[in-house]
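Chemist: I'd like to go over a predicted model; first the sequence, then the structure.
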Amino acid sequence: MKHYNNQNIRRQDRLLEEPRAEELLKSGEYGILSMVTPEGEGYGIPLNYVWDEDLNSIYIHCAPEGKKLKCIAQNPNVSFTVVGRTKVVPDKFTTNYESVVLACTARTHLPEDERMAALGLILDKYAPEDKSIGLKYAQKSFHRTEILRLDIVSASGKCKRVHA
């Protein structure tokens, strides 16, 4: 993955290796998009996504208007976090976890061909058995669908593994 760098992680004993970070980005069910509102407040929202390895970007589909688009219009610098496996270890008073944090620049108003290709990638990930039906649905609802592209500026990963 381009721009993967764990040097600034305070706990160097908890680094998530790059191959596992890539697998987590590929297979994660959802991520949290964090932004700043035009009023200066923090705003985070869980969203389905797909990672385009070739572009090193995240694609997210949404409505063509709404709070996240207002946030991005004001400030396109966002964070996207994917959390993988977690497990509370009560007798150790801790939690096993793995996560990847991406600093990104959000892009909207993508060309139609890129938006449709992104919808195809999303269908490949979440509905591969129903992709042909999904593409027909995507074409019908295309006019009311926005696609966000998050270009990854930097990425890091962390994990904790305590044996119970």
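Modeler: All right, it came through fine.

Chemist: any idea which helix or strand of the chain has the worst average confidence?
Modeler: Lowest on mean pLDDT, DSSP states H and E among the helices and strands of the chain sits helix 131-140, with a mean of 75.

Chemist: Give the buried residues for it.
Modeler: Neighbour counts over helix 131-140 (16 or more other C-beta atoms under 10 Å) mark 134, 138 as buried. In short, each C-beta sits where N, CA and C put it, glycine included.

Chemist: Kindly report the same for stretch 27-36.
Modeler: The neighbour-count check on stretch 27-36 (16+ other C-beta under 10 Å) flags 28, 31, 33-36 as buried.

Chemist: could you say what helices and strands the helix ranked longest in the chain packs with?
Modeler: The single longest helix within the chain, with elements called by DSSP state H, is helix 112-126. For helix 112-126, the contact count by 3 or more C-beta pairs under 8 Å, 6 or more residues apart in numbering; DSSP states H and E identifies strand 50-52, strand 57-62, helix 131-140, strand 146-160 as packing neighbours.

Chemist: Helix 131-140 and the second one, what's the angle between them?
Modeler: Spelled out, that is strand 57-62. 70 degrees (axes from the mean of the first three to the mean of the last three C-alpha atoms, to 10 degrees).

Chemist: No further queries at this time; thank you.
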